[in-house]
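Enquirer: Okay, structure incoming, though there's no sequence with it:
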């Protein structure tokens, strides 16, 4: 079972994505900000993710700061920026991600991007 690290501060979006992606056969590791994501990103807890879904605007450590740490530490873990803001698409940190998906009630684009990046 593929592990997805979901870094998202909105608890409603966390629950929705956990349910939808669990139903699709993924194990979801959900955290509320980049600071909480660091042990997973660094592989400290034995739960290194196969893919990271990263929100940008979060408290404590936002997605841009988190992306900086991911760039330094990741080997081949794909990252999807998942945000409500289209204006960040051309930010240098957002460009470092493997994909940029705007939040929507329709999860088709996000799910197809996950499958593509995981080679499924």
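Expert: Received the coordinates, thanks. These figures come from a predicted structure and were not determined experimentally.
Enquirer: Tell me where the protein is predicted with low confidence.
Expert: Low-confidence segments of the chain (pLDDT under 70): 74-75.
Enquirer: SS state for the most centrally placed residue in it?
Expert: Closest to where the C-alpha atoms of the chain average out (Cα atoms, centre = their mean) is residue 53, at 1.1 Å. Using DSSP: H, G, I helix; E, B strand; the rest coil, the structure places residue 53 in strand.
Enquirer: Make residue 1 into 15 and carry on from there
Expert: Shifting the count to begin at 15 puts that one at residue 67.
Enquirer: Mind checking what helix or strand follows the longest helix that the chain contains in sequence?
Expert: Counting residues, the longest helix in the chain under DSSP state H turns out to be helix 25-37. Note on helix 25-37: by DSSP states H and E, the next helix or strand toward the C-terminus is strand 41-45.
Enquirer: for the protein, what spans make up the strands?
Expert: 17-21, 41-45, 65-68, 93-97, 113-116 (DSSP state E).
Enquirer: Which one of these lies nearest to residue 123?
Expert: With Cβ to Cβ as the criterion, residue 123 lies closest to strand 113-116 of the strands of the chain, at 5.5 Å. Bear in mind the C-beta positions are built from the backbone N, C-alpha and C, glycine included.
Enquirer: can you list contacts of the closest one?
Expert: Applying Cβ atoms under 8 Å, 6 or more residues apart in numbering, the external contacts of strand 113-116 come out as 92-100, 103, 108, 123-124, 127, 130-131.
Enquirer: just curious, which of these is nearest to residue 20?
Expert: Nearest to residue 20 out of those is residue 96 (Cβ to Cβ; 8.5 Å).
Enquirer: correct me, but that closest one touches residue 67?
Expert: Yes - counting by Cβ atoms under 8 Å, residue 96 touches residue 67, with 5.0 Å between them.
Enquirer: Spit out the residues that contact those two alike.
Expert: 22, 124.
Enquirer: picking up where we left off before, can you select the buried ones among the contacts of strand 113-116 for me in PyMOL?
Expert: Selection of the buried residues among these in PyMOL, burial being defined by 16 or more other Cβ atoms under 10 Å:
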select buried, resi 92+93+94+95+96+97+108+124+127+131
